[in-house]
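Trainee: can you look at this prediction? I've put the sequence above it.
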Amino acid sequence: MNSKPEVTISPFLDPGPRTKAHSLAILQLSRDNLLPVYLQPPTGEHDGYAEGAVVNTRYGSFPHSTMLNVPWGSQIRASKVDTGSRGRKRKRDGADDTSREATAAASEKESEGPGAVAVATPTKENGGAPSVKQAVADSSGFIHILPPTPELWTTSLPHRTQVVYTPDYSYILHRIRARPGSTLIEAGAGSGSFSHAAVRAVYNGYPSAGQRKGKVFSFEYHEERYHKMKQEISDHGLDGLIHLTHRDVYNGGFLVDGRSPQADAIFLDLPAPWEALPHLSRRRPPPSLWPSGAPPPGLDDPTKEWISPLHPRKTVHLCTFSPCIEQVTRTVSAMRRLGWVDIDMVEIANRRLHASRDRVGLNLVNFDRGVNNSAKDVEEAVTRLAEIEARFREHAAKARSRAAGAAAAAAGDVDMDSDDENAGEAAANGNAPRPTAEEEEEIKITTNRLPPWMEGRLITRGEPEIKTHTSYLVFAVLPMEWTEEDEAKAAAKYPVGQEQKVIGTIDKAIRKQERREQLQKQQPGSKKARRKERDEKLGEVLG
Ligand SMILES: C[S@@+](CC[C@H](N)C(=O)[O-])C[C@H]1O[C@@H](n2cnc3c(N)ncnc32)[C@H](O)[C@@H]1O
């Protein structure tokens, strides 16, 4: 028996191969319509559904029991759900819930449209017996079940504020060098979109007591958002990896329980980043560098030790996210005054490209959308006609031979079906029968040389509207503080002006000589010495 306690890793960091109960899953209803759901185990009738907890969508009803323990990415078919007591309850309540509108409204309420997390708490309304009705597949539709990732969460999370989207945060995390083991400060947390991407970037394991591992220190001053985010961190198994603090960082700064998080990467998504910047200093900033001309209360005692939230032995990389250029200007000037360097601004102009095949030609099958069924050029028209005519001739020959057989049968006493009778008639009239519409399509399919997905020219099309501007990103670097001691250490390690020889000489002749000397040093004796030794030995032998 394994006595080790089970370590629950966040599904965002390691979802495992299959879905499991009490874990978050993302239901993909259509390409851009995602619904996050906490999967519930089948513990009896739930909310009037005999199958247990059910997710209702416009593509049908999906009992949680059909989505459990399946490989991620599986297609889930809708089920015919038994609304037994649910229906009765509604009748008791006197509501006429049988109308289409009411059903649709109930479904919408349950899934709350895109962005809502469908949660179904299992109850034992059936007397406690944890059994559910086996779900029966329905033909109303299907969905796919996907593991949660920061990208999918960003498109499906319950929006509480404007969020940072994937094209922005992927670039930000790269520029602020967030990597496994980094300590990242984020403010404000908002809806947690950036936080989920950040925690994946810095994750290098769950810390045990007193251990330092990659971590996100997040700050949010809006109380309701703080509580919602706190709950989400816990539900997503991210406790210990994201530390959320309820605070106004303009006044309170970034220390956690009075101690420094020792951050080396910072992301500020705040309306006034310049108000938070003085807190991110290695030394106490003079009063003139605070936006109001004086430090906020609590930091105004110059005799008190200044604790910096930054890592003392690392260079710190910072990004601020501002929607307008006026905010950028104020942020940049505050950065300059506070000693930040390498300041630059970037705007991500992300554009989604739609890749498809431009399919024009007679060769194409008509069962797909976007097909232009005309010849792409004269050569194709002629070749295609020749091919089809050949198939028609083949078909006609077969039909003629069938008709001849039918005529012979009509003369004799052979049994035949009505098709053959018609063919016999056609033959008797001397007409070569044309293939039916279906037969023609079949001929087109069988004379096709390429599979449909390879047909046509591959083309990409941008979105008709460019709706890219989210915010301006300002990046800056605060170098590690350089002390006298550091200088002495560096001087000892890299003694400037006392080198034995020039490193990386450009002159070819000098380089060759250096190489020769190097080789000689590696050999046990120089060439001259070895020759001398050999001559001496030879002299001894010869007497
Ligand atoms: C645009 S939202 C952040 C969105 C977040 N980055 C995301 O990706 O979901 C800005 C957040 O900053 C918070 N905020 C504004 N001023 C703040 C302050 N002084 N201290 C802490 N949080 C603040 C707001 O409450 C809001 O939730």
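Mentor: Thanks, I have it.
Trainee: now do the same for whichever residue of the stretch 401-543 of the chain sits closest to the ligand: its pLDDT.
Mentor: As assessed by C-beta to the nearest ligand atom, the ligand sits closest to Ser471 within the stretch 401-543 of the chain, at 8.9 Å. In short, each C-beta sits where N, CA and C put it, glycine included. At Ser471, the model reports a pLDDT of 92.
Trainee: try Thr154
Mentor: Note for Thr154: predicted pLDDT of 94.
Trainee: how about the residues of this structure by the ligand?
Mentor: With C-beta under 6 Å from any ligand atom as the criterion, the chain meets the ligand at residues 161-164, 187-188, 190-194, 219-222, 225, 248-250, 269-271.
Trainee: which of those residues count as buried?
Mentor: For the residues of the chain next to the ligand, a burial check counting by 16 or more other C-beta atoms under 10 Å picks out 163-164, 187-188, 190-194, 219-222, 225, 248-250, 269-270.
Trainee: filter the residues you listed down to just the ones in helices.
Mentor: Among these, the members found in helices (DSSP state H) are 193-194, 225, 249-250.
Trainee: pipe these into CSV and attach pLDDT per row.
Mentor: Shown next, in CSV, are these (pLDDT from 0 to 100):
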residue, pLDDT
Ser193, 96
Phe194, 97
Arg225, 96
Val249, 98
Tyr250, 97
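Trainee: kindly indicate which of those residues lies nearest Ala386.
Mentor: The nearest member of those to Ala386, counting by C-beta to C-beta, is Ser193 at 58.8 Å.
Trainee: now the closest one. Nearest residue, chain neighbours left out?
Mentor: Nearest non-adjacent residue to Ser193, counting by C-beta to C-beta, 6 or more residues apart in numbering: Val163, 3.7 Å away.
Trainee: isn't that neighbour right up against Thr154?
Mentor: Yes. Contact criterion C-beta atoms under 8 Å: Val163 and Thr154 qualify, at 6.3 Å.
Trainee: residues that sit against both of those two, list them.
Mentor: Common contacts of Val163 and Thr154 (C-beta atoms under 8 Å, 6 or more residues apart in numbering): Ser193.
Trainee: looking at the ones in helices among the buried ones among the residues of the chain next to the ligand, which is nearest Phe321?
Mentor: Set against Phe321, the nearest of these by C-beta to C-beta is Phe194 (8.6 Å).
Trainee: relative to Arg179, how far out is the closest one?
Mentor: Phe194 is 16 Å from Arg179, where distance means C-beta to C-beta, to the nearest Å.
Trainee: go on, Ala375?
Mentor: For Ala375, the distance to Arg179 - C-beta to C-beta - is 56 Å.
Trainee: what do you get for Gly214?
Mentor: Distance, Gly214 to Arg179, using C-beta to C-beta: 8 Å.
Trainee: please identify which of these two sits among more neighbours.
Mentor: Counted by other C-beta atoms under 10 Å, Gly214 and Arg179 do not tie: Gly214 has more neighbours, with 21 against 16.
Trainee: and that one, what pLDDT?
Mentor: The predicted local confidence for Gly214 is 97.
Trainee: hang on, it packs against Arg200?
Mentor: No. With contact defined as C-beta under 8 Å, Gly214 does not reach Arg200; the gap is 9.7 Å.
Trainee: what's near enough to touch Glu481?
Mentor: Counted by C-beta under 8 Å, 6+ apart, Glu481 has contacts 282, 312.
Trainee: quick check, it in a helix?
Mentor: No. Counting by DSSP: H, G, I helix; E, B strand; the rest coil, Glu481 falls outside a helix, being coil.
Trainee: how near is it to Arg177?
Mentor: Using C-beta to C-beta, Glu481 is found at 18 Å from Arg177.
Trainee: identify the contacts common to Gly214 and Arg179.
Mentor: Taking C-beta under 8 Å, 6+ apart as the criterion, Gly214 and Arg179 both touch Val202.
Trainee: before we move on, back to that, show the contacting residues for the residue of the stretch 401-543 of the chain closest to the ligand.
Mentor: By C-beta under 8 Å, 6+ apart, the neighbours of Ser471 are 168, 321-323, 347.
Trainee: now for the longest helix along the chain, which elements pack on it?
Mentor: Secondary structure of the chain read by DSSP H shows that its longest helix is helix 378-411. Helix 378-411 is packed against helix 418-429, helix 437-446, with contacts defined by 3 or more C-beta pairs under 8 Å, 6 or more residues apart in numbering; DSSP states H and E.
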